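here is the input, now give the coordinates:
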Amino acid sequence: MKKRGKTKQILVLLTSAILLGCGDKGHVNKVSSNDNYLCLNEDNSHFYSSRTSDEMTIDGLKEMIDHYVKGTQVRQLLFSPNSMCTSYASKVWDPIWHDYDDPDAVKRAASNEMQGKWQSNALLLHKKGIDPYAVWIDYSREMGISPWLSMRMNDIHEVNDTTSYMHSSFWKENPHFRRVPDHFSKWPDRAFDYGQKEVRDYHMALIRELFERYNFDGIELDWMRFGYHFRPGYEEEGIPLLTEFMTEVRRLADQYAEERGHPIRIGARVPSRPWTAKGLGMDAVTWAKKGLVDMLVVTPFWASIETDIPIEKWKELLGDSPVILAAGLELLIRPYPAAIHDYNTFETVLGAAVSLLHRGADLIYLFNYMDVGTTVSNPDDYTMILQNTGTLETATVYPRRHVVTYSDTWAPGEPEIYALPAWCHQDTTAVFKIHIGPRPKAGEIKVFVGLGEEGNQDTTPLEIRVNGELCATSEGASPAHIHPLVRTMAGFDVPLSVAKDGYNNVVVTSSAADPGQIVWMEIEVIPKE
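As a prediction, this is how the structure comes out:
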């Protein structure tokens, strides 16, 4: 087993080095000694909708890159050029400004600041003869960053409004190409059905154009925008279709790599659990074993950061495949689906990153963590995330919060399981397994339990046992930022000798006759030198 693990490590290191090997300028990034770093995804609309028209210049484009990479652990930037429409002047898909001169579209844009800025600023760059993706790719290399494109494979933002500017004419004019063409109850119903050849050909046309137009280091196929690609009940039949699709992309990458004289890598964003991915038609393990992908990003969809991604299971299934396994972190945090959303803090991002790296993830991948008001509310937190989240060496220095969250993506028919909310009273016990990564050699560990508005909100009857040991009520303060659904919170001190690396078993009991609704559970780790 030792020999196999070492071989796997060498393969991953070599693949990481190639991933960061830039193209025609011969530039090679240097990564940290433990070979971890951050990937960051810049979405298809953020730059255009967050900047003024005066910033639609080459200097304005470069400024965004500077903001992401100077003094940070970001070593790979992924630029998304599309949703249903492209943010550049595509010849095979509609650009985002395709209906910009339509009177009805103009009225809608006037009432929607994001729409107006996205369309007008993207069009302004085009009229100036500036291709933002070409600029970003070249400047990223100049800055020692590996530039990738990230194609959204089935984006369905705003499909509840069939007149939205975000929709392509192909989607509007071909409702029979949708997953559920005869009725509508939720957004995925109106996603494209990849079981139809015309749909696959339509998306492959854009992939070919991206290869022809841009000299990137890698291309990511974002199958998690929005994750549902086949008619309900036909996901199994879709497995070979998506594998064949990925095979064609691999062929294109190899062809252009030979022409351009540098490797071109392929990535894929897939659901956080391998069985869910396969249940949705994405046989990511087979893609890796066949050499069709060089990087897999295992990730939630959007609703919450997922703190318990089964990295070990992915590693077991991937075996000796040298694929890079990246853990995707989302911007929001929720303890369960019905909870209102909140934004992550530096401490909650650190908690997830430390745990996932400790479990074997090769990289941390940030999605929706973009600058200028679209990310965590505290600007200092944002800077700290980019500077410290990519490696265990830096992430374990600071206090971190390991929060119980949930998986937000499930294959049709797959049982949906959530740890919260839970109830606790004299006849009911709540049990949680929380992964904390490496236990600190010195410092403090605390458990925090939050009660919601339903039921008894008195925390005094609560008792906490961690790994079987009773924990004393903490005299210290609660975390600085508490999720808004928590009405009362209690803290408990965990003896350092009781805590374990990895998973810790937390049992909540109560002497109260009236049940309390547990809506929040976390372990806080406060390391000391």
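
how about residue 73, nearest residue that isn't a chain neighbour?
Spatial nearest neighbour of residue 73, excluding adjacent residues (C-beta to C-beta, 6 or more residues apart in numbering): residue 390 at 3.5 Å. From N, CA and C alone the C-beta is placed, and that goes for glycine too.

check contacts around that neighbour.
When contacts are counted by C-beta atoms under 8 Å, 6 or more residues apart in numbering, residue 390 is found next to 32, 36-38, 73-75, 353, 363-364.

pLDDT, neighbour count and distance to residue 263 for these - can I get that in CSV?
Written out in CSV, the entries for the contacts of residue 390 read as follows (pLDDT from 0 to 100; neighbours: other C-beta atoms under 10 Å; distance: C-beta to C-beta, whole Å):
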residue, pLDDT, neighbour count, distance to residue 263
32, 34, 13, 21
36, 83, 23, 21
37, 94, 23, 18
38, 98, 27, 21
73, 98, 21, 23
74, 98, 24, 20
75, 98, 23, 16
353, 98, 30, 27
363, 97, 25, 17
364, 98, 26, 22
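
related to what we said a few turns ago, tell me which element the residue nearest to residue 73 is part of?
When secondary structure is defined using DSSP states H and E, no element contains residue 390, which sits outside every helix and strand.

measure it to residue 320 for me?
Distance from residue 390 to residue 320, counting by C-beta to C-beta, to the nearest Å: 25 Å.

tell me the bridge partners for the residue sitting nearest the centre point of the chain.
A centroid search over the chain (C-alpha atoms, centre = their mean) returns residue 328, at 3.7 Å, as the residue closest to the centre. Taking DSSP bridges as the rule, residue 328 bridges to residue 365.

that one against residue 367, yeah?
Yes - between residue 328 and residue 367 there is a contact under C-beta atoms under 8 Å: 5.6 Å.

okay, stretch 427-444 in PDB with CA atoms only?
Only the C-alpha atoms of stretch 427-444 are listed here, as PDB (Å, rounded to 0.1, in the frame of the first residue of the first chain):
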ATOM      1  CA  ASP A 427     -36.300  10.900  25.000                       C
ATOM      2  CA  THR A 428     -34.300  11.800  21.800                       C
ATOM      3  CA  THR A 429     -30.600  12.000  21.100                       C
ATOM      4  CA  ALA A 430     -29.000  13.700  18.100                       C
ATOM      5  CA  VAL A 431     -25.700  12.300  16.700                       C
ATOM      6  CA  PHE A 432     -23.300  14.000  14.300                       C
ATOM      7  CA  LYS A 433     -20.000  13.100  12.700                       C
ATOM      8  CA  ILE A 434     -17.800  16.200  12.000                       C
ATOM      9  CA  HIS A 435     -14.500  16.000  10.200                       C
ATOM     10  CA  ILE A 436     -12.000  18.600  11.500                       C
ATOM     11  CA  GLY A 437      -8.900  17.700   9.500                       C
ATOM     12  CA  PRO A 438      -5.700  17.500  11.600                       C
ATOM     13  CA  ARG A 439      -6.100  18.000  15.400                       C
ATOM     14  CA  PRO A 440      -4.000  20.900  16.500                       C
ATOM     15  CA  LYS A 441      -1.000  20.100  18.700                       C
ATOM     16  CA  ALA A 442      -2.000  23.000  21.000                       C
ATOM     17  CA  GLY A 443      -5.000  25.200  21.300                       C
ATOM     18  CA  GLU A 444      -8.700  25.000  21.900                       C
END
